[in-house]
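A.B. asks: just a sequence and a predicted model for now, questions to come.
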Amino acid sequence: MTLKVYLSGIVSSTAIALVAFLMVIGIFSPDKADESLVLLVFFSLFTALSGIFGLAGFFVRKKKWPHLASFKFLGISFRQGSLLAFLATGLLFFRAFEIIWPLSGLFLLLMVFATEYFFLKRI
């Protein structure tokens, strides 16, 4: 699979997730939502943010190091984009359900740092 096909698939899935997120937010009331709707909101938000952060990281790396092969940046960019999306979605989840906000957010941040540290030390 070429890089262009791979990136176009990620762009299209990110756009679909963003449209799904905006439609769910626009159509349904968050106050009267059941668990499946809340799960759909957070899943579509995670997918959209993961694609946005991953693509942003990829293009920043590609612009900064144009002489390196672009495939080298894909794994790193989308891993870090997924971790950032997990952090943002998790913080919003904690805030929405009023789970011990500062401590839970700090624990989530430490989990993301530990995961990134694990991948950096493994390579």
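C.D. replies: Received, thanks.

A.B. asks: packing partners for the host helix or strand of residue 36?
C.D. replies: Using DSSP states H and E, residue 36 falls within helix 35-64. With contacts taken as 3 or more C-beta pairs under 8 Å, 6 or more residues apart in numbering; DSSP states H and E, helix 35-64 sits against helix 3-27, helix 71-96. Using the backbone N, CA and C atoms, a C-beta is placed for each residue, glycine as well.

A.B. asks: list the buried ones in it?
C.D. replies: Of all the residues in helix 35-64, those buried under the rule 16 or more other C-beta atoms under 10 Å are 38, 40-42, 44-55, 57-58, 61-62.

A.B. asks: starting at the chain centroid, how far to that helix?
C.D. replies: 3 Å (C-alpha atoms, centre = their mean, to the nearest Å).

A.B. asks: repeat that for stretch 110-123.
C.D. replies: 16 Å.

A.B. asks: contacts for that stretch next, please.
C.D. replies: Outside of stretch 110-123, the residues within contact range by C-beta atoms under 8 Å, 6 or more residues apart in numbering are 79, 80, 83, 84, 86, 87.

A.B. asks: low-confidence ranges, the protein, go.
C.D. replies: For the chain, applying pLDDT under 70 flags the ranges 30, 123.

A.B. asks: can you classify residue 69 by secondary structure?
C.D. replies: Put simply, residue 69 is coil when judged by DSSP: H, G, I helix; E, B strand; the rest coil.

A.B. asks: surely residue 37 is in contact with residue 27?
C.D. replies: No. Applying C-beta atoms under 8 Å as the test, residue 37 and residue 27 come out as separate, 9.8 Å apart.

A.B. asks: pipe the helices and strands packed on helix 35-64 into JSON lines and attach distance to residue 110 per row.
C.D. replies: JSON lines is the format used below for the helices and strands packed on helix 35-64 (distance: least, C-beta to C-beta, whole Å):
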{"stretch": "helix 3-27", "distance to residue 110": "27"}
{"stretch": "helix 71-96", "distance to residue 110": "11"}
